[in-house]
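Q: Build me a model from this:
(one chain, ligands or ions: 1)
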Amino acid sequence: MNLLFEKSEAQKTIEENQTKTFGWAREMCFAYDLKYNQLWWKWLQIIEKGVYQKGDPVPYVNISAAPNREIYKQLERCYQPLRERGYYQYEFINWIGFALGIAWFQKPNIPDSIDSFLAENFPFEEVIKYPADYFSQFLAENGSSNVLSYFPTPMTVSQALNLMIEVDGEEDWTHSVMDPTVGPGSLVLPTKSLNIVAIDLSPLMVRAAAINSFFYKPQLLYVPKPIIGIHVDPNEKRVHKYYEFKTDTRIYLGNSLLGELQTVSSIFKEESPQVDIMVHPLDLKKREVYSLKHLMEKDWETLSQAERWKLVKAMSREHKFDRVLSNPPFSAKLSKSEREEFRTIEESNKEFLKELNHRNAHMKELEQEVEIKVGTQLTLF
Ligand SMILES: C[S@@+](CC[C@H](N)C(=O)[O-])C[C@H]1O[C@@H](n2cnc3c(N)ncnc32)[C@H](O)[C@@H]1O
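A: Predicted structure coming up:
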């Protein structure tokens, strides 16, 4: 293995000021991906067709349980000049994300000399060629360990957990998987699914997860439209798995216990506006299906196109996940204010339900689920 970190052809030709452009390294990384893993090519083919059928090539790469030491050291070397000048890991992660053109990131505010050093030395090609969870280890070893109870799951354990969620050892790429405490993504990097959702409370972790997904999990980073066979039932032609129309990414920021989150609306657009995302929120008032109760009671055939569309969008985010994969912060306790918040939600849900005089079976089911969740969180944490 030749890992002398000589500048790659592409990196040799980086022009002055090129690195000031959002996404300047994206095409170059797509080219490396095409050369080594073809993840983006496979995923974009599925998106373009709008259909996934069993047997189609799927974006998947084995993530090594032993990150390549030379690449890891090179990441450390790249971070060193920033660390020496008092910059935190955030600036480093920000530099990478801006280079890839991921909407969570802004133009780095670092000296030009460091910017050029990073552009020349960051091992984009090697990170793609030798897939491993470099960023979990990097963040854990550079200050994030135990922040919000962050401890990365070793890749061997992540791989074992992923094997456990395969029913009878059979791969089903269409089941939906959610990690409510994703960190940089250790658990979902080996996941064999085309429908993955990831949440974290830490803005740094969400950004690291976005970078990891860019390199190894395009189906988590970018989902611009519902796909038949993944989100849409091929026979009934209705969205039958979790789908969110407000954004084209599946990485969300916020407290997964509450389900009230945020993300960018277009993951590859510079300064893309942020949108609020609700993933099965505990606060029933925030479930859009209730505000559409009047439409749900009507016959589908009598609804206008606009009304149908509204209902489809609201119902698409109501689907439960087929699998939930998580290494939660086991030692975390709810703070006094969080307990208060849960109690307030509990009370407000009771009031809200009292005011509604008729609910359908789906609503009753989700009310039960919320009641159990609130109860569990108040007793467990
Ligand atoms: C033990 S780490 C696991 C990270 C990653 N899934 C892994 O296995 O390596 C727990 C993660 O949960 C996040 N976290 C803690 N409380 C959370 C909450 N209420 N909602 C969402 N994420 C949370 C932390 O920021 C941290 O990244």
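
Q: remind me which residues of the stretch 51-200 of the chain are low pLDDT?
A: 145-146, 148-149, 168-169 (pLDDT under 70).

Q: For the residue nearest to Arg308 when sequence neighbours are not counted, give me the pLDDT.
A: The shortest distance from Arg308 to any non-neighbouring residue, by Cβ to Cβ, 6 or more residues apart in numbering, is to Trp300 (7.0 Å). Bear in mind the C-beta positions are built from the backbone N, C-alpha and C, glycine included. In this prediction, Trp300 carries a pLDDT score of 87.

Q: can you tell me how far the residue nearest to the spatial centre of the chain sits from the ligand?
A: For the chain, the residue nearest the mean C-alpha position is Ile251 (2.5 Å; Cα atoms, centre = their mean). Applying Cβ to the nearest ligand atom, to the nearest Å, the value for Ile251 to the ligand is 12 Å.

Q: Quick check: phi and psi on that residue?
A: Main-chain dihedrals, Ile251, degrees, to the nearest 10: phi -110, psi 120.

Q: what's it in contact with, if anything?
A: Val182, Ala198, Ile199, Val206, Ala209, Ala210, Ser213, Leu220, Leu221, Thr263 (Cβ atoms under 8 Å, 6 or more residues apart in numbering).

Q: Spatially, which two of those residues are the most separated?
A: Ile199 and Leu221 (14.2 Å; Cβ to Cβ).

Q: Tell me the residues of the chain that contact the ligand?
A: 136, 148-153, 179-183, 186-187, 199-202, 205, 255-257, 327, 329, 332 (Cβ under 6 Å from any ligand atom).

Q: which of these are buried?
A: Among the residues of the chain next to the ligand, those that count as buried by neighbour count (16 or more other Cβ atoms under 10 Å) are 136, 150-153, 179-183, 186-187, 199-202, 205, 256-257, 327, 329.

Q: thinking again about what came up before, how close does the residue nearest to Arg308 sit to the ligand?
A: From Trp300 to the ligand the distance is 36 Å (Cβ to the nearest ligand atom).

Q: Which pLDDT does the model give Val324?
A: For Val324, pLDDT reads 95.

Q: Leaving aside the residues adjacent along the chain, what's closest to it?
A: Here the residue nearest Val324, using Cβ to Cβ, 6+ apart, is Met178, at 5.2 Å.

Q: quick one: contacts of the helix or strand harbouring that neighbour?
A: Using DSSP states H and E, Met178 falls within strand 176-179. Identification of contacts with strand 176-179 by Cβ under 8 Å, 6+ apart yields 165, 185, 187-188, 191, 193, 195-199, 241-242, 279, 319, 321-326.

Q: How about stretch 198-209?
A: In contact with stretch 198-209 (Cβ under 8 Å, 6+ apart) are residues 89-90, 93-94, 97, 102, 104-105, 135-136, 139, 144, 147-148, 150, 178-185, 188, 213, 220, 250-256, 261, 279.

Q: what's the answer for stretch 339-358, then?
A: With Cβ under 8 Å, 6+ apart as the criterion, stretch 339-358 contacts 258, 282-285, 290, 293, 297, 334, 359, 367, 370-371, 374, 377-378.

Q: So which other helices or strands are in contact with the strand or helix carrying Asp276?
A: In this structure, Asp276 is located in strand 274-278 according to DSSP H and E. Under the contact criterion of 3 or more Cβ pairs under 8 Å, 6 or more residues apart in numbering; DSSP states H and E, strand 274-278 touches strand 260-264.

Q: Please list the residues outside the strand it packs on that contact it.
A: 103-104, 199, 247, 249, 251-255, 272-279, 281, 283, 286.

Q: Just the buried subset of the residues you listed, please.
A: 103-104, 199, 247, 249, 251-254, 272, 277-279, 281, 283, 286.

Q: and which of these is nearest to the ligand?
A: When the buried ones among the contacts of strand 260-264 are ranked by distance to the ligand (Cβ to the nearest ligand atom), Ile199 comes first, at 5.3 Å.

Q: contacting residues for the residue lying closest to the closest one once chain neighbours are set aside?
A: Nearest residue to Ile199, sequence neighbours excluded (Cβ to Cβ, 6+ apart): Ser256, at 4.4 Å. Counting by Cβ under 8 Å, 6+ apart, Ser256 makes contact with Pro180, Thr181, Ile199, Asp200, Leu201, Val279.

Q: just Gly23 next, same as before
A: Contacts of Gly23 by Cβ under 8 Å, 6+ apart are Phe98, Ala99, Leu100, Gly101, Phe268, Glu270.

Q: Now do it against Ile267, distance only.
A: Per Cβ to Cβ, to the nearest Å, Gly23 is found 11 Å from Ile267.

Q: Pretty sure Glu126 sits against Gln74.
A: Yes: judged on Cβ atoms under 8 Å, Glu126 makes contact with Gln74 at a distance of 7.1 Å.

Q: re the thing from before, just checking, next helix/strand downstream of the strand holding Asp276?
A: Next along the chain from strand 274-278, counting by DSSP H and E, comes helix 288-291.

Q: Now do the next helix or strand after that following helix: distance to the chain's middle.
A: Downstream of helix 288-291, the first helix or strand assigned by DSSP H and E is helix 293-296. Put simply, helix 293-296 sits 31 Å off its chain's centre (Cα atoms, centre = their mean, to the nearest Å).

Q: other SSEs contacting helix 293-296?
A: Checked by 3+ Cβ pairs under 8 Å, 6+ apart, helix 293-296 has helix 305-316 packed alongside it.

Q: For the helix it packs on, list every residue counted as buried.
A: Lys310, Leu311, Lys313, Ala314, Met315, Ser316.

Q: do stretch 368-378 as well
A: Val370, Glu371, Lys373, Val374, Gln377.

Q: residues near His175, how many?
A: The local packing of His175 (other Cβ atoms under 10 Å) involves 20 other residues.

Q: ok, now which ones touch the closest residue to it other than its chain neighbours?
A: Take His175 and drop its neighbours on the chain: the residue closest to it by Cβ to Cβ, 6+ apart is Asp322, 3.9 Å away. Asp322 makes contact with His175, Ser176, Val177, Lys241 under the criterion Cβ under 8 Å, 6+ apart.
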